[in-house]
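Student: Return atomic coordinates for the entry below.
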Amino acid sequence: MRLTDLAETSRSVAQTQRRRQKVATLAACLQRLQPEEIEIGVDFLSGETRQRKLGVGPATILDVRPGVSAAASSLTVADVDDAFHRIATASGPGSQQERKRILTELFARATEFEQQFLLRLLLGELRQGALAGLMVDAIAQAATVALPQVRRAAMVAGSLGSVAHAALTQGEIGLKWAGLTLFKPLHPMLAQPAEDLEDALTQLGTAALEWKLDGARVQVHKADDQVRVFTRSLNEVTSAVPEIVEIVLRLSSRQLILDGEAIALRPDGSPQPFQVTMQRFGRKIDIAVIRAQLPLSVMFFDCLHADGRDLIDLPAHERFTALRETLPGALLIPRLITDDLTVAQSFLEDALARGHEGVMAKSLEAPYEAGGRGGSWLKVKQAQTLDLVVLAAEWGHGRRHGWLSNLHLGARDPATGSFVMLGKTFKGLTDEMLAWQTDKLLELEIGRDRYGVYVRPELVVEIAVNEIQSSPQYPGGMALRFARVKRYRLDKRPEQADTIVAVRALFERRPAKGG
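Tutor: This is a model prediction of the structure:
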């Protein structure tokens, strides 16, 4: 398939408001792809590349675009993927210049329309196009396969491209391979915010309550004497966390996939701040030194696979039993099963007293919904917090002059992939955070006016709020009251931010005033 045809599909999807038409457009494109192009096309339409990281930054990408373009379309999607592969695998002396040369040649072969598509793809600005949910529906339609089968395969495979290839080339039979694969991480199950414990127990009834640690989510895979560790973003960090590897290697089970939380603790057992824990991740040198200075602990709360048996479709209480039978108590997250609000409140207060964020409340009957943020897991914190995305920032005044200060905050709309603004805040920002966010937001800049800078919606920030109130000022009809910044969530992608649907559910469950 020519790149221009794929780019035209992307443009059509972005410009179409109706979900059904988006899906139909994507399905028609998928049907025209050659078998060897399917995974490439699915990734491109999802705003990704198969190589994930190319080793070239935004400045280089913008710099290599030539002043001229090809008169006619000749590039295929395979040509582009091949160029990306050569860029990603370039190494050694002169590799940066080689990457720049390949990228320059690629742009020179592209028409102006194709150049625009490549720029948005490389700069991460195609997310508003084919979201994962849309693509799953499109794969099912294109392959004439039942949607639940595609959803199930996508959940466990961790790669929409491979699911699309199997469905389009082999149909339902091709999807029967879909099971958990050791060392191929799956997207973690996510939680929605609950207003408080009473709200959580009202929704779930008898529930499993667990400490909510302010650490780093980890997914650990084991096969015999090999262990690999992945983050919530599915990045491998095995070499950075040797103590977790050693702990899991000592377990008697030969095969495991575990979901848990890594956290740095003080000598008295209280948690270090989140930012301190995150110093251990992404570290590639002097691992032994920082391990001695900042050792990690790990606690697991779910078991997804044990000794040849996939567990994700089992109800949670059966997975919890498998976890207890597999791990010693010291590696288990503290858990209480109850429907009693008084007992639950005591558990929450104990978690808070120990310095933790709050508690998770989990349905005992729910399967593990990889990548899902349903109502089966609810997070209860001392203050209501939301993970939102920065859409813009205004220049500060007075002592904040020269810094980007007042943040414009948005929640993700799962139906369109866009972000719905909910309000602004400049509260809670230290001077260090102001300086950091100014540099970071300028890297993400897509435009500006005399008041501030508009940015690509990529930076996730945790916001504490006193209330979500009705407001005609914002398109979602809601606004944040007394919002303040708690921290930046560099471990989260914008796709993992809280949705406008979750925010509206909190808004609708707020207690009535007066009377």
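
Student: in the stretch 251-400 of the chain, which spans are helices?
Tutor: Applying DSSP state H, counting those that start in this stretch to the stretch 251-400 of the chain gives helices spanning 274-277, 287-293, 316-326, 341-353.

Student: next one: the stretch 101-250 of the chain
Tutor: 112-122, 132-143, 147-157, 160-170, 172-175, 197-204, 242-249.

Student: Using a markdown table, please lay out those together with mean pLDDT and mean neighbour count.
Tutor: Placement of C-beta: from N, CA and C, glycine included. Below are those laid out as a markdown table (pLDDT from 0 to 100; neighbours: other CB atoms under 10 Å):
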| stretch | mean pLDDT | mean neighbour count |
| --- | --- | --- |
| helix 112-122 | 91 | 19 |
| helix 132-143 | 90 | 22 |
| helix 147-157 | 85 | 20 |
| helix 160-170 | 92 | 22 |
| helix 172-175 | 88 | 16 |
| helix 197-204 | 94 | 19 |
| helix 242-249 | 97 | 16 |
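
Student: want to throw the ones you listed into JSON lines with distance to residue 282?
Tutor: Below are the helices of the stretch 101-250 of the chain laid out as JSON lines (distance: least, CB to CB, whole Å):
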{"stretch": "helix 112-122", "distance to residue 282": "22"}
{"stretch": "helix 132-143", "distance to residue 282": "25"}
{"stretch": "helix 147-157", "distance to residue 282": "26"}
{"stretch": "helix 160-170", "distance to residue 282": "26"}
{"stretch": "helix 172-175", "distance to residue 282": "35"}
{"stretch": "helix 197-204", "distance to residue 282": "33"}
{"stretch": "helix 242-249", "distance to residue 282": "15"}
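
Student: Export the helices of the stretch 251-400 of the chain as a markdown table, with columns for distance to residue 264 and mean neighbour count.
Tutor: What follows is the helices of the stretch 251-400 of the chain, written out as a markdown table (distance: least, CB to CB, whole Å; neighbours: other CB atoms under 10 Å):
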| stretch | distance to residue 264 | mean neighbour count |
| --- | --- | --- |
| helix 274-277 | 4 | 17 |
| helix 287-293 | 10 | 12 |
| helix 316-326 | 23 | 18 |
| helix 341-353 | 17 | 16 |
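
Student: Would you single out the least confident of those?
Tutor: In terms of mean pLDDT, the lowest-scoring of the helices of the stretch 251-400 of the chain is helix 274-277 (a mean of 88).

Student: What helices and strands are in contact with it?
Tutor: With contacts taken as 3 or more CB pairs under 8 Å, 6 or more residues apart in numbering; DSSP states H and E, helix 274-277 sits against strand 255-264.

Student: Can you list the strands that the strand it packs on pairs with?
Tutor: In the sheet containing strand 255-264, its partner strands are strand 216-223 (antiparallel), strand 296-306 (antiparallel), by DSSP bridges.

Student: In that strand, which residues are buried?
Tutor: For strand 255-264, a neighbour-count test (16 or more other CB atoms under 10 Å) marks 256-264 as buried.

Student: Let me know the angle separating it from helix 242-249.
Tutor: 150 degrees (axes from the mean of the first three to the mean of the last three CA atoms, to 10 degrees).

Student: and residue 274, which of the strands paired with strand 255-264 is closest to it?
Tutor: strand 216-223 (8.0 Å; CB to CB).

Student: Show me what the closest one is in contact with.
Tutor: With contact meaning CB atoms under 8 Å, 6 or more residues apart in numbering, strand 216-223 is reached by 182-183, 185-186, 188, 227-232, 234, 237, 241, 244, 248-249, 251, 253-263, 277-278, 280-281, 298, 300, 491.

Student: returning to that earlier point: can I get the helices of the stretch 251-400 of the chain in a markdown table with distance to residue 485?
Tutor: Below are these laid out as a markdown table (distance: least, CB to CB, whole Å):
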| stretch | distance to residue 485 |
| --- | --- |
| helix 274-277 | 13 |
| helix 287-293 | 27 |
| helix 316-326 | 33 |
| helix 341-353 | 20 |
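
Student: Ok, which of the ones you listed comes nearest residue 24?
Tutor: If we rank the helices of the stretch 251-400 of the chain by CB to CB, the stretch that ends up nearest is helix 316-326, at 36.6 Å.

Student: ok, residue 165 - contacts?
Tutor: Contacts of residue 165 by CB under 8 Å, 6+ apart are 35, 38-39, 174.

Student: picking that back up, can you tell me which of the helices of the stretch 101-250 of the chain comes nearest to residue 375?
Tutor: The nearest among the helices of the stretch 101-250 of the chain, by CB to CB, is helix 197-204 at 6.2 Å.
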